[in-house]
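1. Have a look at this prediction, sequence included:
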Amino acid sequence: MATQKTWGGRFSGGTDDRVERFTESISFDGRLYREDILASQAHARMLAHVGLISQDEADMIVGALNDIQGEIERGEMAYSIALEDIHTHIERALIERLGDVGRKLHTGRSRNDQVITDVKLWTRSGIDILDVCLAELQRSLLDNAERHRDLVIPGYTHFQRAQPVLASHYLLAYVEKYQRDRERLADCRKRVNVLSLGTAALAGTSLPIDREFVRAQLGFDSIAANSLDVSSDRDFVLEFVFDLSLIALHLAGWAEEWILWSTTEFSFLELPDAFCTGSSIMPHKKNPDVLELIRGKSARVVASLQQLLMLVKGLPLAYNRDLQEDKEAIFDAFDTVSACLELAAALVRDTHFRRDTIAARIEDGYLDATTLMEFFVKQGIPLRSAHEAVGKLIRQCEERRCRLIDLPSDTFDAIQPGLSAKVRGVLGVGNALAAFQSYGSTAPAEVAKQLAAWRERLQH
Ligand code: ARG
């Protein structure tokens with residue numbers, strides 16, 4: 001029906017049904033209702049402040065919008081594709097309540113600056129929620145690290161045993177990654193928190209609006225200075241979903257690690273029963289489905305980023321309807337990552353390292369070889385010669401099927417006289433671990449400092 005349209009004036013006859021179905025966004029942008037109402041209330045107050053409407057009219061609008069919010073939250077608002085999107089639904093509901101007063105709300109405003117303001121308000125809350133989720137996951141990792149502070153596990157490169165690390169050092173590695181994710185989101189928030197409202201369709205308005213008034217009402221830090229830029233700007237959406245993608249990838253790498261570490265082959269971890277599922281045919285199975293889905297869901301987050309990157313490619317200034325397609329991607333990426341973070345935090349909290357099985361095989365794989373090489377360096381042997389000497393020792397170990405510590409004394413004395421007596425103090429995983437000393441390393445004293453520093457930083 002042409003009469004329902006906010007833009008119906010210049011049209012004769014109705015819109016094709018197929019066009020209505022094709023162009024609607026109410027089926028997914030309904031979740032912006034709170035932000036839309038918040039921004040409209042600020043806009044109405046501003047209109048009264050500059051005298052474009054009376055104070056009474058503004059009060060009526062603010063009150064009616066509160067009622068409309070209640071109606072939406074009680075599920076009483078019927079959505080119709082004829083009304084396109086959430087912005088039109090709310091304005092229509094306002095006009096139904098207030099008649100001509102309601103018809104004044106859209107003064108000095110366009111859906112182009114309205115929609116971007118709503119998305120910014122929504123993204124700002126999303127960032128704040130994610131920060132809480134990430135901090136919670138960091139605290140879970142930290143608690144787990146403190147429970148396993150002295151446990152030594154193999155560190156891997158190329159998925160081959162490399163050097164020993166403290167389990168607490170390993171867990172803090174993820175605390176660092178999620179800290180960078182929090183910082184990236186906080187940085188993105190700066191670009192989100194710029195007021196778009198008041199740029200109208202693309203060029204601004206000839207009406208005497210007060211954008212500073214709206215900025216202060218909505219808690220934005222500053223005001224976007226170029227109206228043409230605003231109606232086309234989705235940079236912050238891309239940035240936000242990139243940040244979400246990186247979180248999803250951090251989670252996916254960790255999930256992969258823990259899926260492997262919980263296998264019989266590794267037996268490093270005991271995953272909590274409540275976060276695993278069974279098999280309908282194999283009674284013994286305990287499957288890490290939550291971790292697998294966390295790994296798998298990273299695909300859809302990165303797909304959303306890809307979708308958004310392609311969406312804006314080649315778009316001319318200023319608003320183009322293509323941009324309506326940003327919503328499902330941003331909503332889905334946020335929903336997916338926040339759900340993954342919540343589950344990850346709970347799973348990390350209740351997962352235990354299996355000290356017995358880890359200890360049973362910790363001396364395998366020459367985890368002490370690099371420390372031995374560095375010990376040779378301390379004896380004055382040039383690094384490259386030390387590397388070669390240890391390489392040869394490993395070859396002997398391979399032949400004898402033994403550990404470095406099991407080699408006969410004369411093997412070491414052949415490298416440098418008297419070496420075998422000293423070398424006993426550095427061989428074996430415990431000694432190798434204790435030998436670390438550099439800042440940022442897995443040295444027990446360094447890790448203890450990091451644990452204390454994170455405990456302080458992650459205090460509520
Ligand atoms: N539903 C639209 C969107 O999400 C609102 C903006 C429509 N603007 C326009 N000029 N048709 O992008």
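-> The structure has been received and is ready for your questions.
2. which stretches of the stretch 51-200 of the chain form strands?
-> Listed in chain order, the strands of the stretch 51-200 of the chain (DSSP state E, counting those that start in this stretch) span residues 152-157, 160-166, 194-195.
3. Can you list the buried residues in the longest one?
-> Read that as strand 160-166. Buried residues in strand 160-166, counted by 16 or more other Cβ atoms under 10 Å: 161-166. For glycine as for every other residue, the C-beta is placed from the backbone atoms N, C-alpha and C.
4. What parts of the protein come near the ligand?
-> Residues of the chain found near the ligand (Cβ under 6 Å from any ligand atom) are 25, 29, 85, 111-112, 115, 319, 321, 323-324.
5. Same list (those residues) but as CSV, adding pLDDT and neighbour count.
-> Formatted as CSV, those follow (pLDDT from 0 to 100; neighbours: other Cβ atoms under 10 Å):
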residue, pLDDT, neighbour count
Ser25, 98, 20
Asp29, 98, 23
Asp85, 98, 25
Arg111, 97, 20
Asn112, 97, 21
Val115, 97, 26
Tyr319, 95, 20
Arg321, 97, 8
Leu323, 97, 21
Gln324, 97, 18
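6. Make CSV out of those and add distance to Val230.
-> Shown next, in CSV, are those (distance: Cβ to Cβ, whole Å):
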residue, distance to Val230
Ser25, 19
Asp29, 18
Asp85, 18
Arg111, 13
Asn112, 8
Val115, 11
Tyr319, 9
Arg321, 16
Leu323, 12
Gln324, 16
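7. Which one of the buried residues of strand 160-166 is nearest to Ile394?
-> Comparing those against Ile394 with Cβ to Cβ places Arg161 closest, at 12.1 Å.
8. Narrow the residues of the chain next to the ligand to those in helices?
-> 29, 111-112, 115 (DSSP state H).
9. For those residues, work out which two are farthest apart.
-> Taking Cβ to Cβ, no two of those sit farther apart than Asp29 and Asn112, at 14.0 Å.
10. could the strands of the stretch 51-200 of the chain go into CSV alongside mean pLDDT?
-> Shown next, in CSV, are the strands of the stretch 51-200 of the chain (pLDDT from 0 to 100):
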stretch, mean pLDDT
strand 152-157, 98
strand 160-166, 98
strand 194-195, 98
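11. Of all those strands, which one is nearest Asn287?
-> strand 152-157 (23.2 Å).
12. And the closest one, how far out from the chain middle?
-> 26 Å (Cα atoms, centre = their mean, to the nearest Å).
13. List the buried residues for it?
-> Buried-residue list, strand 152-157, by 16+ other Cβ under 10 Å: 152-155.
14. So which residues of the stretch 351-460 of the chain form helices?
-> 355-361, 369-378, 383-400, 409-415, 419-423, 429-435, 444-457 (DSSP state H, counting those that start in this stretch).
15. Can you add mean neighbour count and give those back as CSV?
-> As requested, these are exported to CSV (neighbours: other Cβ atoms under 10 Å):
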stretch, mean neighbour count
helix 355-361, 14
helix 369-378, 19
helix 383-400, 14
helix 409-415, 15
helix 419-423, 16
helix 429-435, 19
helix 444-457, 15
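16. Figure out which of these is closest to Phe220.
-> Closest among those, once you apply Cβ to Cβ, is helix 444-457, at 28.2 Å.
17. Check the burial of the nearest residue to Arg355 once chain neighbours are set aside by counting its neighbours.
-> Spatially, and ignoring its direct neighbours in sequence, Arg355 is nearest to Leu151 (6.1 Å; Cβ to Cβ, 6 or more residues apart in numbering). Using other Cβ atoms under 10 Å, Leu151 has 18 neighbouring residues.
18. Asp210 too?
-> Asp210, neighbours per other Cβ under 10 Å, totals 16.
19. residues in contact with it?
-> Neighbour list for Asp210: 46, 49-50 [criterion: Cβ atoms under 8 Å, 6 or more residues apart in numbering].
20. Relative to Thr370, which of the residues you listed is nearest.
-> Nearest to Thr370 among the contacts of Asp210, with distances taken as Cβ to Cβ, is Met46, at 65.6 Å.
21. and the gap between that closest one and Val192?
-> To Val192, Met46 is 21 Å away according to Cβ to Cβ, to the nearest Å.
22. The nearest residue to His49 once chain neighbours are set aside sits in which helix or strand?
-> If the residues on either side of it in the chain are set aside, His49 comes closest to Phe213, at 5.3 Å by Cβ to Cβ, 6+ apart. If you go by DSSP states H and E, Phe213 is part of helix 211-218.
23. Thr371 touches Val426, doesn't it?
-> Yes - contact criterion Cβ atoms under 8 Å: Thr371 and Val426 qualify, at 5.7 Å.
24. joint contacts of the two?
-> 432, 435.
25. so which of the buried residues of strand 160-166 would you say is closest to the ligand?
-> Val165 (48.9 Å; Cβ to the nearest ligand atom).
26. what residues are up against that closest one?
-> Contacts of Val165 by Cβ under 8 Å, 6+ apart are 152-155, 433, 442.
27. Name the residue of the stretch 251-400 of the chain that lies nearest to the ligand.
-> Gln324 (3.6 Å).
28. leaving aside the residues next to it on the chain, what's closest to that residue?
-> Ser25 (5.2 Å).
29. pretty sure that neighbour contacts Phe331?
-> No - counting by Cβ under 8 Å, Ser25 stays clear of Phe331, with 11.4 Å between them.
30. so who does the residue of the stretch 251-400 of the chain closest to the ligand touch?
-> Per Cβ under 8 Å, 6+ apart, neighbours of Gln324: 25, 29, 85, 115.
31. Please report how far it lies from Ile116.
-> 11 Å.
32. Then Met46?
-> Taken as Cβ to Cβ, the span from Met46 to Ile116 is 17 Å.
33. The nearest residue to Arg34 once chain neighbours are set aside: neighbouring residues, count only.
-> Nearest residue to Arg34, sequence neighbours excluded (Cβ to Cβ, 6+ apart): Gln69, at 6.8 Å. Using other Cβ under 10 Å, the number of residues around Gln69 comes to 18.
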